[in-house]
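Peer 1: Got a sequence here, can you build the structure:
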Amino acid sequence: MVQDIRKRPLGTTGLHVSEIGFGALEIGRDWAGDVDPNPKHLTESEAARLLNQVLDTGINFIDTAPAYWHSEEFIGRSIAHRRDEFILATKVGEHCDERGSVYDYSREATRRFIDESLRRLRTDTIDLIQIHSASLEVLERGETWEALDEARQAGKVRHIGMTGGVREAVRAIELGGYETVQVPYNLLSLEAEEKLLPLARERGIGVIIMRGLAGGKLSPKFENLQNEELREAVRGFLQFVGPDGARDLVHLAIGYILGAPEVSTVIVGSRKFEHVQTNLTAARGFLPAELREKVRSYARSIAVRAW
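Peer 2: Numbering: from 1, shown residues only. Reported below is the predicted structural model:
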């Protein structure tokens, strides 16, 4: 059932994306063993059911990558027939399977990445192609971006972005040519607020947030953390949950991020539809400005960058 999901502009691309996007990592790759006792990816039939449920809610942004094991194939075989219902983002630079990762940001490899992703995703065009985990060296060399631009001119991709750390995203914006950046931003990592978000606003860059729940650490799964200091630091955020605060920890985390107007979408991955629904519910309620300031103050007090 399609829900009333707010959409935001993805920078100046002309695309409008749902405030909650779907990160397709966990449907195809084992993940989050530190907080999940069962980190195994879904079967293809399970993935197909979840992907169709996600689209049925009205979520219109799906982010995947060749590094997510079976994710692209699952998407292509499960929802290619609904291609006009969603904005599709994938990546170049890293391929991964059960044996590990291989990185290659060369021009020729970039071309192969795109062609293989088009085949696996069963689509003619990728809406957003991103350099996966772009280093400063890759950005400065510019070879990968040039190959992406060639693919754009050929009609294989529509828009170009990058994923990586905050410092790398700032440099990508400074270099120009990148329409979006995808960075970590959550209550355990506030670095994006210092320079990236203001710069993105100034330049009209779309900001895609990954790790909005810090890999599940800002959800009830935090109780599974073996790091006692981190577990207690996260528990401290519960002081802002209650009648005068957020509904729960997930609402606190997502509501805080969406309180930043520069953010286009928060991509949250999950293997369970009920978690997707929880994330959508969390996105409906922004945190009042006064509460947001109190939360920020506490987040800074626990030396967030140490995590």
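
Peer 1: Name the SS class of residue 264, please.
Peer 2: State at residue 264, reduced to three classes by DSSP: H, G, I helix; E, B strand; the rest coil: strand.

Peer 1: Could you measure from it over to residue 131?
Peer 2: Using C-beta to C-beta, to the nearest Å, residue 264 is found at 18 Å from residue 131. C-betas here are computed from N, CA, C, even on glycine.

Peer 1: Now for residue 164: which residues touch it?
Peer 2: 131, 133-135, 172, 181-183 (C-beta atoms under 8 Å, 6 or more residues apart in numbering).

Peer 1: can we see that at 10 Å?
Peer 2: Shown in contact with residue 164 (C-beta atoms under 10 Å, 6 or more residues apart in numbering): 130-136, 138-139, 171-172, 181-184, 210.

Peer 1: Give me the contacts around the helix or strand bottoming out on mean pLDDT in the chain.
Peer 2: When each helix and strand of the chain is scored by mean pLDDT, DSSP states H and E, strand 94-97 comes last, with a mean of 90. Residues outside strand 94-97 that contact it (C-beta under 10 Å, 6+ apart) are 29, 65-70, 101-105, 109, 112-113, 116, 131-133, 163.

Peer 1: Format the CA atom coordinates belonging to it as PDB.
Peer 2: Listed next in PDB are the C-alpha coordinates belonging to strand 94-97 (Å, rounded to 0.1, in the frame of the first residue of the first chain):
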ATOM      1  CA  GLU A  94      34.600  -2.300  -6.200                       C
ATOM      2  CA  HIS A  95      33.500  -5.800  -6.900                       C
ATOM      3  CA  CYS A  96      32.900  -8.200  -4.100                       C
ATOM      4  CA  ASP A  97      31.700 -11.700  -3.600                       C
END
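
Peer 1: now that strand: how far from the chain's centre is it?
Peer 2: Chain-centre distance of strand 94-97: 17 Å, with C-alpha atoms, centre = their mean, to the nearest Å.

Peer 1: just stretch 271-288 next, same as before
Peer 2: The answer for stretch 271-288 is 15 Å, by C-alpha atoms, centre = their mean.

Peer 1: for this structure, which spans come out with low pLDDT?
Peer 2: 1-3, 32-37, 303-307 (pLDDT under 70).

Peer 1: Do a quick rundown of the strands in it.
Peer 2: Per DSSP state E, the chain carries strands over the ranges 7-9, 16-18, 20-23, 61-63, 87-92, 94-97, 100-103, 126-131, 157-163, 180-184, 206-210, 263-269.

Peer 1: and of these, who's closest to residue 231?
Peer 2: Between residue 231 and these, the shortest gap by C-beta to C-beta is with strand 180-184, which sits at 19.6 Å.

Peer 1: hmm, back to that, quick one: the strands of the chain as TSV, columns for mean neighbour count and distance to residue 279 too.
Peer 2: Formatted as TSV, these follow (neighbours: other C-beta atoms under 10 Å; distance: least, C-beta to C-beta, whole Å):
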stretch	mean neighbour count	distance to residue 279
strand 7-9	16	15
strand 16-18	23	11
strand 20-23	27	5
strand 61-63	27	13
strand 87-92	27	17
strand 94-97	17	25
strand 100-103	12	27
strand 126-131	26	20
strand 157-163	24	20
strand 180-184	26	17
strand 206-210	25	12
strand 263-269	26	5
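
Peer 1: can you redo those as TSV with distance to residue 146?
Peer 2: Below are those laid out as TSV (distance: least, C-beta to C-beta, whole Å):
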stretch	distance to residue 146
strand 7-9	27
strand 16-18	26
strand 20-23	27
strand 61-63	23
strand 87-92	12
strand 94-97	19
strand 100-103	18
strand 126-131	11
strand 157-163	10
strand 180-184	18
strand 206-210	21
strand 263-269	25
